[in-house]
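Undergrad: coords please:
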Amino acid sequence: MAGITDAPERATGLGRRYALALYACADEAHALDATVADMEKLGQAITASEDLQRLIASPLIDLREAERAVDGVLTALGIGPIVKNFVGVVIGNRRLRELPALIGAFTALVAERRGIVTAEVVSARPLDERAEQTLRARLIEAGYGNVHLVKSVDPSLLGGLVVRIGTRLYDSSLKSRLQRLHYAMKGAA
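TA: Down below sits the predicted model:
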């Protein structure tokens, strides 16, 4: 999943309650895959549109105006009735500002239920296909089955990778190796 839902973490609290309700509704209607796709589309639309971000973040907008505006966006995106109703409930409960977090919570819940592990990978240069496949193989060897990679680039790493899976951090970057060497030499002096 892209955009706002790139790096889902374990959903907790309010987000988890909303995510569980949407998941149950979609599952009961045998429309889970369509709902996941619609939520992904909505997350991407929010990420791509500054106007939509301002609409969601504004505490000054009238509830009915927000409903009409968001309904227009959802219709234009071709979003199905389950997600439309979900967003309507979110607006009705005055939680529109929380919508991006609720999308993230739903994404995290779906990933959890499907056994997908999200690995945030930061590299000094973009990973080519071969490096990505090697990384996937190493993560599978380490016991992480179905892995979704969320890749980003940070040239300050100089080389290597930083991989975060949940609370675990695997740092093999050249930058951190140099820092460890620096501290070791400082301690020896």
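
Undergrad: quick check: residue 187 vs residue 180, distance?
TA: Look at residue 187 and residue 180: by Cβ to Cβ, to the nearest Å, they are 11 Å apart. Yep, even glycine has a C-beta here, placed from its N, CA and C like the rest.

Undergrad: correction: the previous question concerned residue 69.
TA: Taking Cβ to Cβ, one finds residue 69 at 52 Å from residue 180.

Undergrad: and what of residue 114?
TA: From residue 114 across to residue 180, the span is 37 Å (Cβ to Cβ).

Undergrad: re earlier: have a look at residue 187 and residue 180 and say which one is more surrounded.
TA: residue 180 (11 against 7; other Cβ atoms under 10 Å).

Undergrad: which of the residues in stretch 150-167 are buried?
TA: 150, 157, 161, 162, 163, 164, 165 (16 or more other Cβ atoms under 10 Å).

Undergrad: please apply the same query to stretch 30-46.
TA: 31-32, 34-46.

Undergrad: which stretches of the protein have low pLDDT?
TA: Applying pLDDT under 70 to the chain picks out residues 1-12, 188-189.

Undergrad: now with 80?
TA: Judged by pLDDT under 80, the chain has its weakly predicted residues at 1-12, 145, 166, 187-189.

Undergrad: what about stretch 38-50, distance to the chain center?
TA: Put simply, stretch 38-50 sits 12 Å off its chain's centre (Cα atoms, centre = their mean, to the nearest Å).

Undergrad: list the contacts for residue 157?
TA: For residue 157, the contact set (Cβ atoms under 8 Å, 6 or more residues apart in numbering) comprises 122, 123, 124, 173, 174, 175.
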